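Undergrad: A predicted structure for the sequence below; I have some questions about it.
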Amino acid sequence: MKLHATQEKLLKIARQINLKKMSLRDVGELVDETHPQKISHHLNQLEKKGFIKIDKKTGEVQLADLKNKNEAGDIIAVPIYGAADCGEARVFADENLEGYLRVSRRLVGKVKNIFAIRAQGPSMNDAKINGRQSIEEGDYVLVDPNEKDPKNGDYVLSVIDGCANIKKFLWNKKENQVALISESKMHIAPIYIHADDHYMINGVVKNVIKNSSFKELSESQNASATDILKNLGPISKQEVDYYENL
């Protein structure tokens, strides 16, 4: 998922101009957007994704200093580089930066340059990352790019014919073959590769951020909120038009 076109323009402008001194309308003129509310919305989205920080007191927009974030403090910014299949290798490994996860250093350890990948597919939903964690659709998988020589039993992010894939790594030294194993409640065949084939290990999986579980919790809370909203009456046409235009 790429950044919205307006967000890309705002990010470029923020690198060149101090937006603090400009009104939302003035900023909108620079990115061909006439609605100040949309500018506010996209700036908030950039902040949620970790690209910028907005000072609530002064309104100043600051670009995220990822180097400093990753060197100090309990919360660090981990870049999200797209998605990887947990089934057949079908999602292209274009390393498209989607945003950043704000993650406790305790979940990352001392790994330098760690990054996150969104999991797609069900074929690792019975995995045992760190002896206990499965990988469900939508989870964020934290990958150590410094480990390019995995051991038998490691979970790896590999690239096969330009497509990213998450699997358990097994190497048969005698036959000089690699098997990338699915661990799933479904029956999914392994991927067998000759050690000299064109494939690349991008890193070893270190941890899983269980986004799928939090999503279920959020949806459950939203369902409860819906029951409450039923008693608040209909939304006016003006309100509908406003939010549809955001």
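TA: That came through, no problem.
Undergrad: Can you give me the domain assignment for this structure?
TA: For the chain, the domain assignment from automatic domain parsing gives the residue ranges 5-64, 67-211.
Undergrad: how about low-confidence regions in the chain?
TA: Scanning the chain with the threshold set as pLDDT under 70 gives 1-2, 21, 64-73, 87-96, 195, 212-246.
Undergrad: Show me what counts as buried in the helix or strand harbouring Q37.
TA: Taking DSSP states H and E as the definition, one finds Q37 inside helix 36-48. Along helix 36-48, these residues count as buried under the neighbour rule (16 or more other C-beta atoms under 10 Å): 38-39, 41-43, 45-46. C-beta here means a position set from N, CA and C on the backbone, and glycine is covered the same way.
Undergrad: which one of the domains of the chain is the most hemmed in?
TA: For the domains of the chain, the stretch with the most neighbours on average is domain 67-211, a mean of 17; neighbours defined as mean count of other C-beta atoms under 10 Å.
Undergrad: What segments of the chain are strands?
TA: Along the chain, counting by DSSP state E, strands occupy 52-54, 61-63, 75-85, 91-92, 97-104, 115-120, 140-144, 155-160, 163-172, 177-181, 191-194, 199-209.
Undergrad: got a markdown table for the buried residues of helix 36-48, with distance to Q133 too?
TA: Listed next are the buried residues of helix 36-48 as a markdown table, based on distance: C-beta to C-beta, whole Å:
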| residue | distance to Q133 |
| --- | --- |
| K38 | 39 |
| I39 | 40 |
| H41 | 35 |
| H42 | 34 |
| L43 | 35 |
| Q45 | 29 |
| L46 | 30 |
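Undergrad: which pair in those spans the largest distance?
TA: Using C-beta to C-beta, the buried residues of helix 36-48 reach their maximum pairwise distance at K38 and L46, which is 12.7 Å.
Undergrad: coming back round to it: indicate which one of the strands of the chain is closest to G28.
TA: Each of the strands of the chain was checked against G28 via C-beta to C-beta, and the shortest separation belongs to strand 61-63, namely 14.1 Å.
Undergrad: Parallel or antiparallel, list what pairs with that closest one.
TA: Strands adjacent to strand 61-63 in the sheet, as given by DSSP bridges, are strand 52-54 (antiparallel).
Undergrad: can you pull up the bridge partners for the residue nearest the centre of the chain?
TA: For the chain, the residue nearest the mean C-alpha position is I80 (3.8 Å; C-alpha atoms, centre = their mean). In this entry, I80 is beta-bridged to G99, A116, by DSSP bridges.
Undergrad: pretty sure it contacts V141?
TA: No. The pair I80 and V141 fails to qualify as a contact (C-beta atoms under 8 Å) at a distance of 10.2 Å.
Undergrad: which neighbours do these two share?
TA: The overlap between the contact sets of I80 and V141 (C-beta atoms under 8 Å, 6 or more residues apart in numbering) consists of 116-118.
Undergrad: Check whether R105 really touches D74, as I assumed.
TA: Yes. Because the distance of 5.6 Å satisfies C-beta under 8 Å, R105 is recorded as touching D74.
Undergrad: who touches the residue nearest to the centre of the chain in this structure?
TA: With contacts defined as C-beta under 8 Å, 6+ apart, I80 is in contact with 97-101, 115-118, 140.
Undergrad: okay, those residues in JSON lines with distance to Y155 next?
TA: Compiled in JSON lines, those are given as follows (distance: C-beta to C-beta, whole Å):
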{"residue": "L97", "distance to Y155": "23"}
{"residue": "E98", "distance to Y155": "21"}
{"residue": "G99", "distance to Y155": "23"}
{"residue": "Y100", "distance to Y155": "23"}
{"residue": "L101", "distance to Y155": "18"}
{"residue": "F115", "distance to Y155": "15"}
{"residue": "A116", "distance to Y155": "14"}
{"residue": "I117", "distance to Y155": "12"}
{"residue": "R118", "distance to Y155": "15"}
{"residue": "Y140", "distance to Y155": "14"}
